[in-house]
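>>> Sequence first, then the predicted structure, then my questions.
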Amino acid sequence: MDATVIVVGAGPAGMMLAGELRLAGVGVIVLEKLAARTGESRGLGFTARTMEVFDQRGLLSRFGEIEVSNVGHFGGLPVDFGVLDGAHQAAKTIPQSATETVLEEWATQLGADIRRSHEVLSVAEKEDCVEVEVRGPGGVHHLRGEYLVGCDGGRSTIRKAVGFDFPGTASTLEMFLADVKGIRLEPRMIGETLPGGMVMVGPLPGGITRLIVCERGTPPQRREKPPTWEEVAAAWQRLTGDDISHAEPVWVSSFGDATRQVTEYRRGRIFLAGDSAHIHLPAGGQGMNTSIQDAVNLGWKLGAVARGRAPEALLDTYHAERHPVGRRLLMNTQAQGLLFLSGPEVQPLRDVLTELIVYPEVSRHFAAMVSGLEIRYDLDGGTHPLLGRRLPEVRLTGDRLVSCSTEALHAARGVLLDLTDNEALRRRATPWLDRVDIVTAAPVLPEGSALEGTTAVLVRPDGYVAWAAPGSHGDLPMALEHWFGPAR
């Protein structure tokens, strides 16, 4: 084998997955057809859930000083993320290019083999491996890995080559996205609709302004290269009456509202993650964040199975857990598109939702949906309120913080929190100490905490609670074997 896992695509999902696999001790090759990072930043900032994901791996400090905000929107309707109980707020205006740089440096430091200018031409799944035909700087050659993961975007070569079903709806419109210099425009929030469409203006660091332009009734085009700045400026002038053609474009792109999701995230030894598995209108900045979280869900599972530490069935939980998340993502982005891209016929709906969103429960519902904090995996393991959810921040005696956002999960291992100094409990977990760390301390809990009355919690490497006592079906060894493989 050339590597245990071959990852195709060096975007945020591919780099995050490569780092996770290396933390699991698995050899990984990343193939990327581009010779260098583009420097383009379609994604901006992180949701609160992605902030937690990065923090649990010790990555947040690599981004430098991060500006956070409680202000967001759902289809142009203002949303206050401050109503949520997460450990983090959303991060503002961190360019995707910076995210890709940080994740690539991290994965490389961990030992990932990243090969640029390597384009996958074909894929063949064998009984004991996956073989890919690759065109690189030295010509065409073949690589073999035990598993293959396609993280190669919305036009995924892997998805097409393997024949994953990708049902959904095609684009009905075209939108322009441009970062420009040499222009001063008043900020415009999404939701400020115009008679002929919608425009958005947002300031970015370094004197750059982000523009989004959508003319209603403009059919999507099958472009082989990005639109010209002249096209963007002309559309802007038709909608607003202002001439911005003198601005200097940094980069220009276009996108549509196509909405599709593969029917299966896994087919044998081949997986899809990120935009390879789901495409949608980029509403609320959720796409890159969901892709990163796909990678974190898959990484520790694939690493455990590849190293023989967990049963093959663990890999099926990737689809079972992430496909519903993707389906809900598509639903909410379609709803948002209707709200801020439709014409006056949708104004009554906007008015009704504007009235409803002022109610705390409604505001909390929309905020949790867009931030990713609503995610709860259906583990069918009992009645404890934290089962399937991420572990909230826990302050233990001695002022030591142990949560999915601190050093407890930096190594991407399981964590057993013994909250009552239970020697018998720790003894039962001893056969899994090569995969699970034990932390013993009494918690200091705020009033109404979901951990109140809890004696022990088993946390997966991705930060989600797999077992808690009391309130889980089955005992601790059963849960440990299910998620971490047989006792040693």
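In hand now; what should we look at? Residues are numbered from 1 along each chain as shown.
>>> Point out where the stretch 101-250 of the chain drops to low pLDDT.
190-192 (pLDDT under 70).
>>> ok, now the stretch 351-488 of the chain?
Using pLDDT under 70, the flagged stretches of the stretch 351-488 of the chain are 398-406.
>>> quick one: the strands in it?
With DSSP state E, counting those that start in this stretch, the ranges of strands along the stretch 351-488 of the chain come out as 394-396, 400-402, 414-418, 436-440, 443-444, 456-459, 465-469.
>>> how about these in a markdown table, adding mean neighbour count and distance to residue 297?
In this view, the C-beta of every residue, glycine as well, is placed from N, C-alpha and C. Shown next, in a markdown table, are those (neighbours: other CB atoms under 10 Å; distance: least, CB to CB, whole Å):
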| stretch | mean neighbour count | distance to residue 297 |
| --- | --- | --- |
| strand 394-396 | 19 | 22 |
| strand 400-402 | 16 | 21 |
| strand 414-418 | 22 | 14 |
| strand 436-440 | 17 | 18 |
| strand 443-444 | 14 | 26 |
| strand 456-459 | 25 | 14 |
| strand 465-469 | 25 | 13 |
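>>> Quick check: which of those is nearest to residue 330?
Judged by CB to CB, the one of these that comes nearest to residue 330 is strand 465-469, at 26.3 Å.
>>> Ignoring the adjacent residues along the chain, who's closest to the residue nearest the centre of the chain?
Nearest to the mean C-alpha position of the chain, by CA atoms, centre = their mean, lies residue 290 at 2.5 Å. Excluding its sequence neighbours, the residue lying closest to residue 290 (CB to CB, 6 or more residues apart in numbering) is residue 329, at 5.5 Å.
>>> my guess is that neighbour contacts residue 284, does it?
No - Residue 329 is beyond contact range of residue 284, at 9.5 Å (criterion: CB atoms under 8 Å).
>>> what ranges do the strands span in the stretch 51-200 of the chain?
Counting by DSSP E, counting those that start in this stretch, the strands of the stretch 51-200 of the chain are 68-69, 71-74, 77-80, 90-95, 113-116, 119-125, 130-136, 139-150, 168-169, 175-181, 193-194, 197-204.
>>> can you tell which of those is closest to residue 444?
Of all those, strand 68-69 sits nearest to residue 444, with 24.8 Å by CB to CB.
>>> Okay, now the sheet partners of that closest one, with direction.
strand 90-95 (antiparallel) (DSSP bridges).
>>> ok, the residue nearest to residue 290 - contacts?
Residue 329 makes contact with 278, 280, 286, 290, according to CB atoms under 8 Å, 6 or more residues apart in numbering.
>>> What of residue 272?
Here residue 272 is in contact with 149, 150, 151, 156, 158, 159, 164, 262, 265, 266 (CB under 8 Å, 6+ apart).
>>> any chance of the residues you listed in a markdown table, plus neighbour count?
Shown next, in a markdown table, are the contacts of residue 272 (neighbours: other CB atoms under 10 Å):
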| residue | neighbour count |
| --- | --- |
| 149 | 33 |
| 150 | 30 |
| 151 | 32 |
| 156 | 25 |
| 158 | 25 |
| 159 | 23 |
| 164 | 20 |
| 262 | 24 |
| 265 | 26 |
| 266 | 23 |
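>>> out of those residues, which are inside helices?
Using DSSP state H, 158, 159 are the members of those that sit in helices.
>>> from the contacts of residue 329, which is closest to residue 8?
Within those, proximity to residue 8 (CB to CB) peaks at residue 278, which comes in at 16.5 Å.
>>> Show me what the closest one is bridged to.
Note on residue 278: beta-bridge partners by DSSP bridges are residue 261.
>>> what about it, neighbour count?
Neighbours of residue 278 under the rule other CB atoms under 10 Å: 28.
>>> Now do it against residue 370, distance only.
Residue 278 sits 16 Å away from residue 370, going by CB to CB, to the nearest Å.
>>> go on, residue 10?
27 Å.
>>> thinking again about what came up before, quick one, which of the strands of the stretch 351-488 of the chain gets closest to residue 138.
Nearest to residue 138, of these and by CB to CB, is strand 414-418 at 41.3 Å.
>>> Would you mind listing the outside residues contacting the closest one?
With CB under 8 Å, 6+ apart as the contact definition, strand 414-418 has outside contacts at 391, 394, 402, 408-409, 425-426, 429, 432, 435-441, 456-461, 466, 476, 480, 483-484.
>>> cool, stretch 456-464 as well?
52-53, 56, 296-297, 299-300, 377, 386, 388-391, 404-405, 408-409, 412-420, 422, 425, 436, 451, 465-469, 476, 479-480, 483.
>>> Could I have the buried ones of the residues you listed as ChimeraX selection syntax?
Here is the ChimeraX command that picks out the buried ones among those, judged by 16 or more other CB atoms under 10 Å:
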select :52,53,56,296,297,299,300,377,386,388,389,390,391,404,405,408,409,412,413,414,415,416,417,418,419,425,436,451,465,466,467,468,469,476,479,480,483
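>>> Serialize the strands of the stretch 351-488 of the chain to a markdown table and add fields for distance to residue 19.
Output for the strands of the stretch 351-488 of the chain, formatted as a markdown table (distance: least, CB to CB, whole Å):
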| stretch | distance to residue 19 |
| --- | --- |
| strand 394-396 | 25 |
| strand 400-402 | 22 |
| strand 414-418 | 18 |
| strand 436-440 | 19 |
| strand 443-444 | 30 |
| strand 456-459 | 19 |
| strand 465-469 | 22 |
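>>> Quick check: which of the ones you listed is nearest to residue 313?
Using CB to CB, the nearest of those to residue 313 is strand 465-469, at 14.5 Å.
>>> Can you show me the helices along the stretch 301-450 of the chain?
For the stretch 301-450 of the chain, applying DSSP state H, counting those that start in this stretch gives helices covering 316-341, 347-356, 360-371, 423-429.
>>> any chance of those helices in CSV, with distance to residue 135 too?
Output for the helices of the stretch 301-450 of the chain, formatted as CSV (distance: least, CB to CB, whole Å):
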stretch, distance to residue 135
helix 316-341, 29
helix 347-356, 50
helix 360-371, 40
helix 423-429, 49
